[in-house]
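K.L.:
Have a look at this fold, sequence not included:
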């Protein structure tokens, strides 16, 4: 500290000069503190539920902290993680090609496996060709950034995924958002864009609410205003449609009407990566202009082979999507009968809306104590007024698993006063 001289306080000028002599904390330390201030408070309250380190997995069960939990946070909608055929194809790719690719795809990184996967995806979703990125996040960021730029307008649902939002920002285009699934607001946005080049982007299934984009209405507006549509099928591939081919099959719409079909290879498809499918001209343009593809190393042989095998399984077992839908509908109906608010969910993403962030965190804590792994989702990931548990159904869950989970949710809900 600074000692006061005899007879009074330290003169302001002297105190100021001494404080100025102290070394400033390094910029990075200050930046880290600023980034982490809220999260450190969450940890101090013992409300940090994130990044559990999974030690082992068996079907719908995961082990962390030495305990087994029934997993309600998995994106493996058709339960294909660990599928024997998919594992075998990944092993064959390892034996033939080793553990890595030789560089970026444009130079020495493209294996026959990459093209086989791209063409298989294109056939499955009804497109001429496809491009595979090393992550779903990069697929959105790089594609939006390549297709629009300064002087253009990109228009998107306010609930679109963060990767789409980051694509907006990096593109330099003017951004207009419209209210969630609100066709009147989308039409206002299209009129506001005027004669500028335009791209409309929407999720197919919204990953926090579990509802589905109004594709027929969105398409009609896009076509009337000469705006191509990009649809993110991350949570709809394998989930929507009679055979899991996504939102166009769900609504009985010709896939050719969707200019840009994006999806991921890390949810229903148990691998990693993302894709965009569309016309052969679109794919050629992306392969020579989407910087996140051009300057990223190619996906590994095992990842790509696993994804290709998963598409084969989906083609060979189209009934799986119907089984998932029936199991999910039964589970969701049970929750609603108990008085839980599941918003407009019609998919395996089934939120349980809570009255406060604290209530959502306490619900998660009680459920995890009973061996049900579910995560609280609070602001800023979702609106402040809509904290929730996000539960996700997949075909690894048996009917008995789902009934047990409903009983645990009901008990926790009563204990925190969410339901009677």
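P.N.:
On my side now, so go ahead. Keep in mind that this is a model prediction, so the values were computed, not measured.
K.L.:
State the mean pLDDT of the host helix or strand of residue 359.
P.N.:
Using DSSP states H and E, residue 359 falls within helix 357-369. Average pLDDT, helix 357-369: 97.
K.L.:
centre of the chain versus the helix or strand containing residue 36, how much separation?
P.N.:
Assessed by DSSP H and E, residue 36 sits inside helix 27-44. The chain centroid and the centroid of helix 27-44 are separated by 25 Å, computed with C-alpha atoms, centre = their mean, to the nearest Å.
K.L.:
got it, and stretch 89-99?
P.N.:
That offset, for stretch 89-99, works out to 28 Å (C-alpha atoms, centre = their mean).
K.L.:
go on, stretch 334-350?
P.N.:
20 Å.
K.L.:
Pull up the distance across it, start to finish.
P.N.:
One end of stretch 334-350 to the other measures 12 Å (C-alpha to C-alpha, to the nearest Å).
K.L.:
for stretch 124-137, which positions count as buried?
P.N.:
124-127, 129-137 (16 or more other C-beta atoms under 10 Å). For every residue, glycine as well, the C-beta is placed using N, CA and C.
K.L.:
Pipe these into TSV and attach secondary structure per row.
P.N.:
TSV is the format used below for the buried residues of stretch 124-137 (DSSP: H, G, I helix; E, B strand; the rest coil):
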residue	secondary structure
124	helix
125	helix
126	coil
127	coil
129	strand
130	strand
131	strand
132	strand
133	strand
134	coil
135	coil
136	helix
137	helix
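K.L.:
what packs against the helix holding residue 359?
P.N.:
strand 375-377, strand 388-392, helix 399-415 (3 or more C-beta pairs under 8 Å, 6 or more residues apart in numbering; DSSP states H and E).
K.L.:
Please enumerate residues in contact with that helix?
P.N.:
Helix 357-369 is contacted from outside by 47, 49, 69, 352, 354, 373-379, 384, 387-389, 408-409, 411-413, 415-418, using C-beta atoms under 8 Å, 6 or more residues apart in numbering.
K.L.:
From these, list the buried ones, please.
P.N.:
The buried subset of the contacts of helix 357-369 - by 16+ other C-beta under 10 Å - is 47, 49, 69, 352, 354, 373-378, 387-389, 408-409, 412-413, 416, 418.
K.L.:
And residue 117, how close does it get to residue 168?
P.N.:
Noted for residue 117: a distance of 28 Å to residue 168, by C-beta to C-beta, to the nearest Å.
K.L.:
quick one: which of these two has more around it?
P.N.:
residue 117 (28 against 24; other C-beta atoms under 10 Å).
K.L.:
List the residues that contact the more buried one.
P.N.:
By C-beta under 8 Å, 6+ apart, the residues touching residue 117 are 132, 304, 307, 308, 311.
K.L.:
Just want the phi and psi numbers for the fourth one.
P.N.:
Backbone torsions for residue 308, taken as degrees, to the nearest 10, come to phi -60, psi -40.
K.L.:
if we can go back for a sec, can I get the helices and strands packed on helix 357-369 in a markdown table with mean pLDDT and distance to residue 187?
P.N.:
Formatted as a markdown table, the helices and strands packed on helix 357-369 follow (pLDDT from 0 to 100; distance: least, C-beta to C-beta, whole Å):
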| stretch | mean pLDDT | distance to residue 187 |
| --- | --- | --- |
| strand 375-377 | 96 | 31 |
| strand 388-392 | 98 | 30 |
| helix 399-415 | 98 | 39 |
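K.L.:
which one of those lies closest to residue 341?
P.N.:
Of all those, strand 388-392 sits nearest to residue 341, with 8.7 Å by C-beta to C-beta.
K.L.:
now residue 176, what's its secondary structure?
P.N.:
Per three-state DSSP, residue 176 ends up strand.
K.L.:
Quickly list what it is bridged to.
P.N.:
residue 155 (DSSP bridges).
K.L.:
is it true that it touches residue 192?
P.N.:
Yes: look at residue 176 against residue 192 with C-beta atoms under 8 Å: they come within range, at 6.1 Å.
K.L.:
higher neighbour count, these two?
P.N.:
Ranked by neighbour count (other C-beta under 10 Å), residue 176 and residue 192 place residue 176 first, with 19 against 13.
K.L.:
Quick check: the residue lying closest to residue 88 once chain neighbours are set aside vs residue 271, distance?
P.N.:
Nearest residue to residue 88 in three dimensions, chain neighbours excluded: residue 309, at 7.8 Å (C-beta to C-beta, 6 or more residues apart in numbering). Here the distance between residue 309 and residue 271 works out to 9 Å (C-beta to C-beta).
K.L.:
And for residue 253?
P.N.:
Taking C-beta to C-beta, one finds residue 253 at 27 Å from residue 271.
K.L.:
Same drill for these two, tell me which one is more crowded.
P.N.:
Ranked by neighbour count (other C-beta under 10 Å), residue 253 and residue 271 place residue 271 first, with 24 against 15.
K.L.:
And that one, what's its pLDDT?
P.N.:
We note a pLDDT of 98 for residue 271 in this prediction.
K.L.:
and if you look at residue 18?
P.N.:
61.
K.L.:
Restricted to buried residues, select the contacts of residue 117 in PyMOL.
P.N.:
To isolate the buried members of the contacts of residue 117 in PyMOL, using 16+ other C-beta under 10 Å:
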select buried, resi 132+304+307+308+311
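K.L.:
Dump the contacts of residue 117 into TSV; add pLDDT and distance to residue 291 as well.
P.N.:
Formatted as TSV, the contacts of residue 117 follow (pLDDT from 0 to 100; distance: C-beta to C-beta, whole Å):
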residue	pLDDT	distance to residue 291
132	98	16
304	98	21
307	98	23
308	98	25
311	98	27
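K.L.:
ok, so of the contacts of residue 117, who is nearest residue 322?
P.N.:
Taking the contacts of residue 117 together and measuring to residue 322 by C-beta to C-beta, the closest member is residue 311, at 18.1 Å.
K.L.:
Helix or strand: which one has the closest one?
P.N.:
Using DSSP H and E, residue 311 maps to helix 301-316.
K.L.:
Could you pull out the buried residues of the helix or strand following that helix?
P.N.:
Following helix 301-316 in sequence order, the next helix or strand is helix 319-337 (DSSP H and E). For helix 319-337, the neighbour count (16+ other C-beta under 10 Å) marks 320, 321, 324, 325, 327, 328, 331, 332, 334, 335 as buried.
K.L.:
contacting residues for the last one?
P.N.:
Going by C-beta under 8 Å, 6+ apart, residue 335 touches 342, 350, 352, 406, 409.
K.L.:
Now tell me what touches stretch 346-353 from outside.
P.N.:
77, 205-212, 235-236, 239-240, 324, 328, 331-332, 335, 340-343, 345, 363, 377, 386-394, 409, 413, 418.
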